[in-house]
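Novice: no letters, just coordinates:
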Ligand SMILES: [Zn+2]
Ligand SMILES: [Zn+2]
């Protein structure tokens, strides 16, 4: 079955919570860098009436969707931010308890993702950590594996270092938190289906460092960094209801990958599994059988790794393709690492293909 690739950002704030730019300006920034969609995720606020296509025939269109980032504002220290997509209703009343919130999202046929699970504090800036604390909660769609701004905070041990890095963030952005990748692998190894997404957490905020005041991470810059690429089963056609459902249905399954476009464009990456009379792409399941072969196609030469439950099962460097014949069931995901300015960085992170046990082999 063919798939159609759409790249967009799933974590964006406006002045309705703590962002700096309104929807139209953000849509313009997204169109400028060639994104196909943007999902607004203001804190504890779902806005009706925003969803739709923005743009014109000449310059192209961006699909604007409205989700929400929900958390319990009364809980200290702050924790458990949850990104919700497709609820089409306000879910903040359920913020008091993460389990209740995940359940409410599920009941609303929405997708839910634990945001920045391993977020850390920036002590000198008095910025608190906002990690995922209630780890007994399950039933969510997935994890925000790579949150650009949260991960950037990991590289700010002091004001002087921060002042250097905010003007040259590419120096320190090398990939998602290894702890979050390990968490993802751990959940997958327990048999859970966990969709991984990446996002900007864009606020367009102006920071003041002594005499220097600067919008250090404008929306258009962040939209050219970490995005999520969604592979739909049919092309988007300009019909809001239908297109929104196509995108969210694909994302719910995990037919998606995370792309960091600074080392090079990530569009065109593919990860699939082929067997006799059967095939699957990322997010899908396939039964273990003779000669199930995983196939990776990268947009350019790079180091490709196939990982199952935290173990690298196949790896090659300076290649565009990698194949691996599967002999065990499990969740197989791909990381592609690319050199940029002399440093190897996470470039593409796929969602897993779930190789499932073959019932005919289980018979005595
Ligand atoms: Zn958050
Ligand atoms: Zn956020």
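Specialist: Nice, thanks for sending it over. Source: prediction; values computed, not measured. Ligands and ions are numbered 1, 2, ... in the order given.

Novice: and residue 9, that one's in a helix?
Specialist: No - Residue 9 is assigned strand when assessed by DSSP: H, G, I helix; E, B strand; the rest coil, not a helix.

Novice: wait, it touches residue 224, no?
Specialist: No - with contact defined as C-beta atoms under 8 Å, residue 9 does not reach residue 224; the gap is 10.0 Å. C-beta here means a position set from N, CA and C on the backbone, and glycine is covered the same way.

Novice: please identify which of these two sits among more neighbours.
Specialist: residue 9 (30 against 19; other C-beta atoms under 10 Å).

Novice: who does the more buried one form a beta bridge with?
Specialist: Beta-bridge pairing of residue 9 under DSSP bridges involves residue 38.

Novice: quick one: contacts for it?
Specialist: 30, 35, 37, 38, 39, 199, 200, 202, 222, 223, 227, 228 (C-beta atoms under 8 Å, 6 or more residues apart in numbering).

Novice: contact partners of stretch 260-271?
Specialist: Contacts of stretch 260-271 (C-beta under 8 Å, 6+ apart): 5, 7, 146, 170, 173, 175, 198, 224-227, 229, 257, 259, 281-282, 294-300, 334, 336, 338-340, 345-348, 350, 353.

Novice: ok, now with 6 Å
Specialist: For stretch 260-271, contacts defined as C-beta atoms under 6 Å, 6 or more residues apart in numbering pick out 170, 224-226, 257, 259, 282, 296-300, 334, 338, 340, 345, 347-348, 350.

Novice: give me the pLDDT for the residue of the stretch 1-150 of the chain found nearest ligand 1.
Specialist: For the stretch 1-150 of the chain and ligand 1, the shortest gap (C-beta to the ion) falls at residue 81, measuring 3.6 Å. Looking at residue 81, its pLDDT stands at 98.

Novice: over to the one 4 residues further on?
Specialist: Taken from the predicted model, the pLDDT recorded for residue 85 is 98.

Novice: if we can go back for a sec, quick check: the gap between the closest residue to the residue of the stretch 1-150 of the chain closest to ligand 1 other than its chain neighbours and residue 337.
Specialist: Sequence neighbours aside, residue 115 is the residue nearest to residue 81 in space, at 3.9 Å (criterion: C-beta to C-beta, 6 or more residues apart in numbering). Per C-beta to C-beta, to the nearest Å, residue 115 is found 24 Å from residue 337.

Novice: more neighbours, those two?
Specialist: Taking other C-beta under 10 Å, residue 115 and residue 337 do not tie; residue 115 has more neighbours (27 against 20).

Novice: and that one, what pLDDT?
Specialist: For residue 115, the pLDDT comes out at 98.

Novice: mind listing what's buried along the helix or strand hosting residue 300?
Specialist: Under DSSP states H and E, the secondary-structure element containing residue 300 is strand 293-308. Neighbour-count burial for strand 293-308, counted by 16 or more other C-beta atoms under 10 Å, picks out 294, 295, 296, 298, 299, 302, 303, 304, 305, 306, 307, 308.

Novice: which parts of the stretch 51-200 of the chain sit against ligand 2?
Specialist: residue 69 (C-beta under 5 Å from the ion).

Novice: enumerate the residues of the stretch 51-200 of the chain near ligand 1.
Specialist: Residues of the stretch 51-200 of the chain lying near ligand 1 (C-beta under 5 Å from the ion): 81, 115.

Novice: pLDDT weak spots in the stretch 101-250 of the chain?
Specialist: 207-212 (pLDDT under 70).

Novice: so the residue nearest to residue 189 when sequence neighbours are not counted versus ligand 2, what's the distance?
Specialist: Excluding the flanking residues, the one nearest residue 189 by C-beta to C-beta, 6+ apart is residue 309, at 3.7 Å. Relative to ligand 2, residue 309 is positioned 29 Å away (C-beta to the ion, to the nearest Å).

Novice: same check, this time on residue 300
Specialist: With C-beta to the ion as the criterion, residue 300 and ligand 2 are 31 Å apart.

Novice: in the longest helix along the chain, what counts as buried?
Specialist: Looking across the chain with DSSP state H, the single longest helix is helix 240-253. Neighbour-count burial for helix 240-253 flags 243, 244, 246, 247, 248, 250, 251, 252, 253 (criterion: 16+ other C-beta under 10 Å).

Novice: so which elements touch that helix?
Specialist: strand 226-232 (3 or more C-beta pairs under 6 Å, 6 or more residues apart in numbering; DSSP states H and E).

Novice: again, 10 Å this time
Specialist: Applying 3 or more C-beta pairs under 10 Å, 6 or more residues apart in numbering; DSSP states H and E, one finds that helix 240-253 contacts strand 4-12, strand 37-40, strand 52-56, strand 60-66, strand 82-85, strand 111-114, strand 195-199, strand 226-232.

Novice: now for residue 9 and residue 224: what residues contact both?
Specialist: Here residue 9 and residue 224 have 29, 30, 33, 35, 200 as joint contacts, going by C-beta atoms under 10 Å, 6 or more residues apart in numbering.
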